[in-house]
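Trainee: Fold the following and give me the result.
(one chain, ligands or ions: 1)
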Amino acid sequence: MDENATRHLLADLSASLFARGYAVGSAGNISVRLDDGFLITPTNSSLGRLDPARIARLDADFAHIGGDKPSKEVFMHRAFYRARPDAGAVVHLHSTMATAVACLADVDPSAPIPPLTPYFVMRIGGTLPVVPYYRPGDPAMEPAIHAAALQSRAVLLANHGPVVSARTLTDAVYAAEELEEAAKLFLLLRGQTTRELTPAQVQDLLTHFG
Ligand SMILES: [Zn+2]
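Mentor: Reported below is the predicted structural model:
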């Protein structure tokens, strides 16, 4: 896919997320890896109304070289791309259910959402670490995300929201949606006796779809 087509796909998928309530206001940012750099949604932009031509263009070292000024959260994306050479796109949202889980005090910080459905495991993988809270913009957040992303293709930022990567832009958006649905199921079922996938079932999924 060439850069122009990727810009349009990024705007279309962002608008779809916004229309369905995965992002409000100017929250959320999405990036995609190109052959020689990256595209990322601009700072203070709404995912609902992106102009494909004005999406920020970064070079391979994440320097801004075109389009509007990049998201202030560009360092989250940089942390993922540097940790994961297989990551072709990164989606960061403040989506309600995943962010709600990121605010729970009593979850396992290495597995805050249990493996209830196979689709969660197939899209997110076997691990979803919670990265401790940092003030937005704190440079200390980048190494913390980088360390977590070495082990996992998605993380929850405590009291903030999810960051999800995948090989392609479409897959990263699907993974972010699946994470939101998994968080919703988990919250719906809190306090009830659930039948989680067993470690062997999780491993079987990772072997076939990981
Ligand atoms: Zn954020």
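
Trainee: Name every strand pairing with the helix or strand hosting Ile65 and say which way it goes.
Mentor: Using DSSP states H and E, Ile65 falls within strand 64-66. Paired strands of strand 64-66, with direction, are strand 56-59 (antiparallel) (DSSP bridges).

Trainee: What are the buried residues along the partner strand?
Mentor: 56-58 (16 or more other Cβ atoms under 10 Å). All C-beta atoms are positioned from the backbone trio N, CA, C, and that covers glycine.

Trainee: ok, back up a step: give me the contacts around the helix or strand following the strand holding Ile65.
Mentor: Once strand 64-66 ends, the next helix or strand along the chain (criterion: DSSP H and E) is helix 74-83. Applying Cβ atoms under 8 Å, 6 or more residues apart in numbering, the external contacts of helix 74-83 come out as 29, 31, 33, 38, 40, 58, 62, 71, 87, 90, 92, 139, 141-143, 145-147, 149-150, 157, 163, 165.

Trainee: for helix 74-83, which positions count as buried?
Mentor: Buried, per 16+ other Cβ under 10 Å, within helix 74-83: 74-81, 83.

Trainee: Likewise for stretch 139-156?
Mentor: Buried-residue list, stretch 139-156, by 16+ other Cβ under 10 Å: 141-142, 144-146, 148-149, 152-156.

Trainee: Also stretch 57-67?
Mentor: Those would be 57-58, 62, 67, for stretch 57-67 by 16+ other Cβ under 10 Å.
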